[in-house]
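> need a structure here:
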Amino acid sequence: MLNPGLCGIILAAGESSRMGRDKALLPWPPIPSSILAITPIRPSTILSSAMDALAPYCDSVMVVAGKNAAALQSTVYARAGFLVVNPAPERGQFSSLQTGLQAVLDQGRDSAIVTLVDRPPARRNTLDKLIHAFTTRAHKTWAVVPEYEGKHGHPIIIGREMLEKFLKAPSGSSAREIEHAHQPHIAYVAIDDALVTKNVDTPDDYASLELGQSVDG
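Numbering: from 1, shown residues only. Take a look at the predicted model:
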C-alpha cells in the first residue's frame, strides 16, 4: 500500500481547551470513562491510531505538536514517527500546517496526506479510495478532499502545487481560504463515511462516539 514520496501529517498542536484534556491522548476506539476507570488496559489513543492508519500508505508520518510535544513524543517515537514542533502554536492551526509541510519539503518529499488529531482516525476503505483518487488524478488536480453528504472533511491529500500554495500564503490565512481559491484544481471524492467530517472538540463530541458507534473498518 506504500505510496513512495507521500508523507503523513497529523496536526496535534492545539491546547484542547474545550475538551479539558489532550485530544491526541483520548482512547480510541472510544471507551466510556466509567469503564476506563476500572480497567487495567492501556488503550490505543486517537494519535496512535491515526499514525497506525496512515503508516501503511506513507514513507513517514509526522506529528506537529505545540506545547504538548513532551506528552506526545513517546507515542510518536514508539511508531518510528517524526515529531515536528510548531514554535508558535498560538498563531493557529494554519501555522501548524505550514510547519508540517515545510518539514515534508525538508525531507525531500513533495506530497502529503494531512489529517487533524480532533478527527477520528481514517478507515482503511476511506484511505484506499482517497489514495487511488490521488495516484490516478489528472495533471490539473493538485489535491484530493473527501466529501460526505456535501461536507468536506479529512484527511486531505495534496501534491506539490497545493503544498506550495499553502506555504506561500500569509500566516494569517486558513486552509479553507486557500482551498476555495483553487477549487478547480481540487478533486472532491464522495466517501461513505460520516467520520471524515466528525469533529471531536468537546467531551460531548467524544461521548457521542462511545460504544454503539461503528468506528472500525
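
> partner strands of the helix or strand harbouring Val114, with direction?
Assigned by DSSP states H and E, Val114 belongs to strand 111-116. Strand pairing for strand 111-116, using DSSP bridges, gives strand 6-11 (parallel), strand 156-158 (antiparallel).

> which one of those strands lies nearest to Met62?
strand 6-11 (5.2 Å; Cβ to Cβ). For the C-beta atoms, the positions are set from N, CA and C on the backbone; glycine is no exception.

> so which residues make contact with that closest one?
47, 50-51, 54-55, 57-64, 93, 96-97, 100-101, 103-104, 107, 109, 111-117, 157 (Cβ atoms under 8 Å, 6 or more residues apart in numbering).

> which of those are buried?
47, 50-51, 54-55, 57-64, 93, 96-97, 100-101, 103-104, 109, 111-117, 157 (16 or more other Cβ atoms under 10 Å).

> low pLDDT regions in the protein?
Within the chain, the segments meeting pLDDT under 70 span 1-4, 32-42, 210-217.

> any idea which residue is closest to the centre of it?
Thr115 (1.5 Å; Cα atoms, centre = their mean).

> just list whatever residues bridge to that one.
In beta-bridge terms (that is, DSSP bridges), Thr115 pairs with Ile10.

> please apply the same query to Thr45.
Per DSSP bridges, the residues bridged to Thr45 are Pro27.

> how close does it get to Pro30?
11 Å (Cβ to Cβ, to the nearest Å).

> same check, this time on Ser17
The gap separating Ser17 from Pro30 is 20 Å, by Cβ to Cβ.

> which of the two has more neighbours?
Pro30 (21 against 7; other Cβ atoms under 10 Å).

> related to what we said a few turns ago, list the contacts of the residue nearest to the centre of the chain.
So Thr115 contacts Gly8, Ile9, Ile10, Leu11, Ala50, Leu54, Pro121, Ala122, His154, Pro155, Ile156 (Cβ under 8 Å, 6+ apart).

> what segments of this structure are strands?
Assigned by DSSP state E, the strands in the chain fall at 6-11, 60-65, 82-85, 111-116, 143-148, 151-152, 156-158, 186-190.

> what ranges do the helices span in this structure?
For the chain, the helices defined by DSSP state H occupy 33-36, 46-54, 69-78, 93-106, 124-135, 160-168, 175-181, 203-207.

> quick check: which of these is buried the most?
Highest mean neighbour count among those (mean count of other Cβ atoms under 10 Å): helix 46-54, with a mean of 23.

> neighbouring contacts of that helix?
Identification of contacts with helix 46-54 by Cβ under 8 Å, 6+ apart yields 8, 10, 12, 23-26, 28-29, 44, 61, 63, 72, 75-76, 78-79, 81, 113, 115, 117-118, 120-124, 127, 155, 200.

> thank you kindly, that will do.
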